[in-house]
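got a predicted structure here, sequence first:
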Amino acid sequence: MTRAEKLIAAARIARARKGYERSLAHDLEREHARAMMYGAQDWDAGRDTEWARAFVALRTKVEGAETTKRKASDPLNLTGHTRPTKPSKVERKARAKARPKQETVLDGDGLLRKVEVKGVSLRGLEVQQQRAAQDFARDWESAYRSLRCRGFEPTVSGGGHGSREHLARVEAQDRLRFVEARLGRRDWTVLVSVVIGGAGPHELTSRGAPQHRVVSAEIKRVLNIVAGFYRPGTRHRDPLLDACNSVIEEMQRKAG
């Protein structure tokens, strides 16, 4: 056999082998597709078979490949291909602590509404006490607002929003000075630490203040004074004064 004939024979054998391999691969692919079809049927019917487990494994592999592809094309997760992991207990507590606190209170019109609480808890306070804390916090924010914020920019005409904002700031500062003079240094310190500093009875007690009930009574007393300043003539309930009045009334009845 010549060299050319040997090459021709080798080429025929290679073609035959390649055709056989293609045929075998095709048969294997058909068999695998048939097995996956049976596995899908078993999985859908709830049967735990080898085919069903193979189908689940294949589906998981395909989904993983698709997710990897989407991650590579979308690193910012704009399409939501990856769900955020569940935060730990420490992270949830930190987020809850940083989140603005809201409480449902009864306003002056008898309607329930949610308000943001920055300092003293509004629960357990009367309406005029709640309003006093809100009025004081509003004046504080207006009085100490930065001169660089919107509303305090220099204006050419001397009018506009800048002058109105500046006037409101000065008026708020005047009211704060009057409140401080009326309260005295001690009660003023209590008011600022509670309403602005966010220190409640529990924290103050942990820092060495008297027991929780005494601190709460002191806070309510200070807020009653503030309520009378912002809304003159506002009547607030004084349990101690009511009790003392009842004793005096009883004394008068017995004497009369």
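Nice, I can see it.

just the strands in the stretch 1-150 of the chain please.
According to DSSP state E, counting those that start in this stretch, the stretch 1-150 of the chain carries its strands in the segments 101-106, 112-117.

flag the shaky bits of this structure, pLDDT-wise.
Along the chain, segments meeting pLDDT under 70 span 81, 84-85, 96-123, 145-165, 233-241.

please report how far residue 250 lies from residue 242.
To residue 242, residue 250 is 13 Å away according to CB to CB, to the nearest Å. The way it works is simple: take the backbone N, C-alpha and C, and place the C-beta from them, glycine included.

residue 143: neighbour count?
Residue 143 has 17 neighbours, counted by other CB atoms under 10 Å.

verify the stated contact: it with residue 172.
Yes: at 4.0 Å, residue 143 counts as touching residue 172 under the criterion of CB atoms under 8 Å.

the closest residue to residue 140 other than its chain neighbours - how many residues pack around it?
Spatial nearest neighbour of residue 140, excluding adjacent residues (CB to CB, 6 or more residues apart in numbering): residue 196 at 5.6 Å. Residue neighbour count, defined by other CB under 10 Å, stands at 17 for residue 196.

my guess is residue 196 contacts residue 138. True?
No: counting by CB under 8 Å, residue 196 stays clear of residue 138, with 11.3 Å between them.

dump the residue contacts of residue 218.
Shown in contact with residue 218 (CB atoms under 8 Å, 6 or more residues apart in numbering): residue 190.

now it: which helix or strand?
helix 212-230 (DSSP states H and E).

what comes up buried for that helix?
For helix 212-230, a neighbour-count test (16 or more other CB atoms under 10 Å) marks 215-216, 218-220, 222-230 as buried.

what do you get for stretch 169-179?
Buried, per 16+ other CB under 10 Å, within stretch 169-179: 169, 172, 175, 176, 179.

run through the residues that contact residue 36.
Each residue near residue 36 by CB under 8 Å, 6+ apart is listed here: 51, 54, 55, 58.

quick one, what contacts the first one?
This points to residue 51. Counting by CB under 8 Å, 6+ apart, residue 51 touches 35, 36, 38, 39, 42.

recalculate using a threshold of 6 Å.
35, 38, 39, 42 (CB atoms under 6 Å, 6 or more residues apart in numbering).

how far away is it from residue 26?
21 Å.
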